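[1] build the 3D model from these lines:
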Amino acid sequence: MTDIESPAPRRRLPVFTGIAVLAALAILISLGTWQVERLHWKEGLLADIAARRAAAPVPLADIEALAAKGGDIEYRTVTATGRYVNNKERHFFATWRGQTGYYIYTPLQLADGRYLFVNRGFVPFENKEPEMRMQGQLTDQQTVTGLARARLPAKPSWLVPDNDVAKNIFYWKDLDVMASSVDLDKASVVPFFVDADSTPNPAGLPIGGVTQVDLPNDHLQYAFTWYGLAAVLVVVVAISWFRPRKGAAQ
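    Next up is the predicted model:
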């Protein structure tokens, strides 16, 4: 008689290993789900910013009232009227479309005597000094339309250089220092900035409309990564489970 072959015994996962696998699987799936939730949040945020930028401009007083209530003023379209105090402009180191230069932050003196720092736009490195762009030094009353930008509470990272106030080169937007460096009392300064829109300036400088919305949205890629790792873990465990042990009867 021919012996009937018995099925090869399967591997057994030790209890500790099984618990570890289940815990790892739960963590990977949770991370993937969290990234999906972050994706929906980021898409909503980007849509909100786009709607704010496309909205009709509102008076500066409306944005000030919102800021006073602790509301989110970022990227809200605003309009303000006043006179630029050109001899108190501050220079923020920046690049624009691959060119190195500066954003020109100039106080706009309002009718009530207060000051609003306006990012008038970009000038190339060689045009840093006002005498190199005199046509753009507006002296009469101006109405500026742009985007409200919140002040920074502190330097964003230790990688960012300290501001060089003596040379009038700012690497991060410290509103209080910008004001005090040109002898403006911070109590007389509107507590946020405005980025001017792309309305042309005389001789083309500064170049307005330089606001950049740099909010990376890689959450879908991250979600696929975590879910993919979870799937790989399942496959590896399944192969280990169903593969016959060495030395099993043939």
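
[2] other SSEs contacting the longest helix anywhere in the chain?
    Using DSSP state H to define each element, the chain has its longest helix at helix 15-54. Counting by 3 or more C-beta pairs under 8 Å, 6 or more residues apart in numbering; DSSP states H and E, the packing neighbours recorded for helix 15-54 are helix 219-242. Backbone N, C-alpha and C define where each C-beta goes, glycine included.

[3] which residues outside the helix it packs on are in contact with it?
    Here helix 219-242 makes contact (C-beta atoms under 8 Å, 6 or more residues apart in numbering) with 10-11, 13, 21, 24-25, 28-29, 31-33, 35-36, 38-39, 42.

[4] how about that helix: buried residues?
    For helix 219-242, burial by neighbour count (16 or more other C-beta atoms under 10 Å) applies to His219, Tyr222, Ala223, Trp226, Tyr227, Leu229, Ala230, Val237.

[5] stretch 205-212 now?
    Buried, per 16+ other C-beta under 10 Å, within stretch 205-212: Leu205, Pro206, Ile207, Gly208, Val210, Thr211.

[6] of those residues, closest to Glu129?
    Leu205 (11.7 Å; C-beta to C-beta).

[7] on that earlier part again, angle of the longest helix of the chain against helix 219-242?
    The directions of helix 15-54 and helix 219-242 differ by 160 degrees, with axes from the mean of the first three to the mean of the last three C-alpha atoms, to 10 degrees as the criterion.

[8] report the distance from helix 15-54 to the chain centre.
    From the chain centre to the centre of helix 15-54 is a distance of 19 Å (C-alpha atoms, centre = their mean, to the nearest Å).
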